[in-house]
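**Student:** Show me the folded form of this:
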Amino acid sequence: KLNNQFVFQFFEEYIFLARFPLILKNDEKHTIVLEMKATVIKLILILYLTDTGFGQSITLNFALRGKRLTSGNILLSLQEIGSPSICVTNCLAFGSTKCKSVNYNKVTKECQLIDENQNLFDEEKFEENDDWIYYGNRERTRKPECKTKEAGTDCCLPSNDILSCRKPQSCQDIKDSCPTCDTGNYVIKEKSVVCIFNDNNYPTCKVLKQRYPSLKTGFHRVGYGEDVVEFYCDMDLEGGGWLLVANLTISDVSEAPNLHYDLIKKTQLTSLQEVRTGAYALAYETLRNLRTQNAFSEIRIKCRKAVFGKLVHVVLMNVDQFVGIVSKNQKLEGTDFRFLPDDEFKSFYPAYNTFYGSGNLYDHQVYISSIAVVSLITSPDRYECGDYKDIASPPPGYVYDPVGYWQFYVR
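**Tutor:** As a prediction, this is how the structure comes out:
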């Protein structure tokens with residue numbers, strides 16, 4: 001029968017009085033000591049407000065762990081509250097005109113009812129403390145950013161709290177939580193990532209170039225399932241779309257023994273970002289698996305050695321042979337390879353029109369028998385690019401020099 005205003009006034013006055021005993025005397029000279037406990041009054045009030053307050057529109061539907069709201073006024077501090085849900089229930093009982101959010105201490109079980117709501121994290125209004133959890137009110141709707149494709153988009157996903165906004169950990173995380181999300185740029189672990197949702201092909205530079213023709217040469221991040229792969233793309237040569245899968249630079253003779261293929265190869269695609277080290281090669285077997293997924297149909301080799309002084313630049317087309325899907329170690333046909341306009345190898349050997357191939361991307365892909373090898377980085381004492389190391393009978397006074405660089409691309 002009482003209205004809320006009267007109950008709040010009763011509550012505020014008697015919480016104060018309850019700290020002291022109230023002594024009354026009756027006509028029979030019996031002393032009656034009424035020691036009013038604050039906890040009893042609180043329980044009575046909560047029962048009353050719980051019955052009347054659930055008609056209010058307020059809901060506390062997100063949480064910030066390790067945060068305590070310090071702005072606003074604490075309407076009431078409740079002790080020995082066993083769970084966050086009970087703390088939230090106490091706030092709901094007050095209705096939206098009074099309690100708007102809560103701080104809950106999971107260690108001391110303290111529940112603070114607050115008259116202010118903060119639905120976004122503002123460092124000036126919160127203090128960091130792992131013991132506390134802040135619960136506030138936010139509209140329970142999917143963030144519209146989840147469906148956009150603009151670079152740097154943040155995506156809000158539900159969590160295991162009442163409903164909090166958390167950042168996705170992978171493209172699969174986004175897809176599972178937002179089935180309508182399209183392929184595009186999203187923020188994952190504070191970095192912009194292109195998530196591929198609707199393509200069956202493994203994400204490559206060629207896929208990126210087809211979807212985003214304006215992309216520049218450089219490193220790009222692509223999400224595929226649970227993985228985020230960062231790789232280097234040449235987006236300029238012959239229309240772009242070239243994925244760098246091996247990059248080796250030898251600056252001094254002393255470095256060579258530690259940089260041959262067996263020591264720098266990596267099998268995981270997530271290692272592709274290591275091409276920036278200048279001591280990296282994606283394993284031959286991994287390239288073979290990529291080829292079976294139709295991830296590429298061309299291989300490009302670019303290298304130069306100081307001792308030879310000529311640029312070698314060639315594209316291999318019969319890729320099944322060069323990644324070992326088709327075994328072949330014999331004469332190459334004109335459809336198996338082509339030298340690019342800036343190549344200096346072919347013009348250096350104009351009299352030789354017959355070339356051979358071993359079927360190994362990193363070893364004797366294209367060579368002139370006993371004369372020159374386009375590229376070789378698999379031996380600890382042979383690094384060749386257009387030259388040839390005659391192991392059996394080197395010329396008098398010949399000193400082998402491995403200094404140079406080698407780059408391998410696929411498209």
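
**Student:** quick one: the helices in this protein?
**Tutor:** Here the chain has its helices, by DSSP state H, at 4-17, 38-53, 84-94, 171-177, 205-211, 261-264, 284-292, 319-322, 345-348.

**Student:** Which neighbouring elements make contact with the fifth one?
**Tutor:** Contact partners of helix 205-211 among helices and strands, from 3 or more C-beta pairs under 8 Å, 6 or more residues apart in numbering; DSSP states H and E: strand 218-224, strand 227-234, strand 242-250. Where C-beta positions appear, they are placed from N, C-alpha and C, glycine not excepted.

**Student:** now with 10 Å?
**Tutor:** Under the contact criterion of 3 or more C-beta pairs under 10 Å, 6 or more residues apart in numbering; DSSP states H and E, helix 205-211 touches strand 191-195, strand 218-224, strand 227-234, strand 242-250, strand 404-410.

**Student:** Each with direction, which strands does the second one pair with?
**Tutor:** Using DSSP bridges, strand 218-224 pairs in its sheet with strand 191-195 (parallel), strand 227-234 (antiparallel).

**Student:** The ones you listed: lowest mean pLDDT?
**Tutor:** Confidence, taken as mean pLDDT, is least for strand 191-195 of these (a mean of 83).

**Student:** Now that one: buried residues?
**Tutor:** Using 16 or more other C-beta atoms under 10 Å as the test for burial, strand 191-195 gives 193-195.

**Student:** For the helices and strands packed on helix 205-211, give me JSON lines that also has distance to residue 81.
**Tutor:** Compiled in JSON lines, the helices and strands packed on helix 205-211 are given as follows (distance: least, C-beta to C-beta, whole Å):
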{"stretch": "strand 191-195", "distance to residue 81": "40"}
{"stretch": "strand 218-224", "distance to residue 81": "41"}
{"stretch": "strand 227-234", "distance to residue 81": "41"}
{"stretch": "strand 242-250", "distance to residue 81": "57"}
{"stretch": "strand 404-410", "distance to residue 81": "61"}
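
**Student:** Can you give me the domain assignment for this structure?
**Tutor:** For the chain, the TED database gives the domain ranges 62-136, 242-410.

**Student:** so for the first one, what's the average pLDDT?
**Tutor:** In this model, domain 62-136 has an average pLDDT of 88.

**Student:** returning to what we had before: mind putting the strands paired with strand 218-224 in JSON lines, distance to residue 388 included?
**Tutor:** JSON lines is the format used below for the strands paired with strand 218-224 (distance: least, C-beta to C-beta, whole Å):
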{"stretch": "strand 191-195", "distance to residue 388": "43"}
{"stretch": "strand 227-234", "distance to residue 388": "28"}
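
**Student:** closest to residue 132 out of the ones you listed?
**Tutor:** Counting by C-beta to C-beta, residue 132 lies closest to strand 191-195 out of those; the figure is 29.4 Å.

**Student:** what about residue 123, how many neighbours?
**Tutor:** 8 (other C-beta atoms under 10 Å).

**Student:** Any buried residues in stretch 229-245, and which?
**Tutor:** Here stretch 229-245 shows 229-235, 237, 240-245 as buried, counting by 16+ other C-beta under 10 Å.

**Student:** With distance to residue 366 as extra columns, can I get those in CSV?
**Tutor:** Shown next, in CSV, are the buried residues of stretch 229-245 (distance: C-beta to C-beta, whole Å):
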residue, distance to residue 366
229, 29
230, 30
231, 25
232, 23
233, 24
234, 20
235, 26
237, 19
240, 24
241, 22
242, 18
243, 20
244, 19
245, 17
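
**Student:** now, among the residues you listed, which is nearest to residue 170?
**Tutor:** residue 229 (11.4 Å).

**Student:** okay but that closest one is in contact with residue 269, surely?
**Tutor:** Yes. If you go by C-beta atoms under 10 Å, residue 229 and residue 269 touch, sitting 5.4 Å apart.

**Student:** thinking again about what came up before, show me the two of the buried residues of stretch 229-245 that sit farthest apart.
**Tutor:** By the measure C-beta to C-beta, 229 and 237 form the most distant pair in the buried residues of stretch 229-245, at 21.4 Å.

**Student:** what's residue 309 in contact with, if anything?
**Tutor:** 344, 348, 386-387, 404 (C-beta atoms under 10 Å, 6 or more residues apart in numbering).

**Student:** Please, a ChimeraX command that selects the buried ones among these?
**Tutor:** A single ChimeraX command suffices to select whichever of the contacts of residue 309 are buried according to 16+ other C-beta under 10 Å:
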select :386,387,404
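
**Student:** Among the domains of the chain, which comes closest to residue 211?
**Tutor:** Of the domains of the chain, nearest to residue 211 by C-beta to C-beta is domain 242-410, at 14.7 Å.

**Student:** Pretty sure residue 184 sits against residue 197.
**Tutor:** Yes. Residue 184 is within contact range of residue 197, at 8.5 Å (criterion: C-beta under 10 Å).

**Student:** any common contacting residues for these two?
**Tutor:** Joint contacts of residue 184 and residue 197 (C-beta under 10 Å, 6+ apart) are residue 174.

**Student:** neighbour-wise, which of those two wins?
**Tutor:** The residue with more neighbours, out of residue 184 and residue 197, is residue 184; 19 against 16, by other C-beta under 10 Å.

**Student:** What's opposite that one in the beta bridge?
**Tutor:** residue 195.

**Student:** For residue 111, give me its contacts.
**Tutor:** Contacts of residue 111 (C-beta under 10 Å, 6+ apart): 76-84, 86-91, 102-105, 135.

**Student:** go again using 6 Å as the cut-off
**Tutor:** The contact partners of residue 111, by C-beta atoms under 6 Å, 6 or more residues apart in numbering, come to 78, 81, 87, 104.

**Student:** From residue 133, how far off is the closest residue to residue 358 other than its chain neighbours?
**Tutor:** Counting by C-beta to C-beta, 6 or more residues apart in numbering, residue 364 is the residue found nearest to residue 358 once chain neighbours are left out, at 3.7 Å. Note on residue 364: its distance to residue 133, by C-beta to C-beta, to the nearest Å, is 64 Å.

**Student:** Those two - which one has more neighbours?
**Tutor:** A direct count of neighbours by other C-beta under 10 Å for residue 364 and residue 133 places residue 133 higher, at 22 against 19.

**Student:** Is that one in contact with residue 66, as I believe?
**Tutor:** No. At 7.6 Å, residue 133 does not count as touching residue 66 under the criterion of C-beta atoms under 6 Å.

**Student:** Same question for stretch 75-92: list its buried residues.
**Tutor:** 75-76, 78, 81, 84, 87-92.
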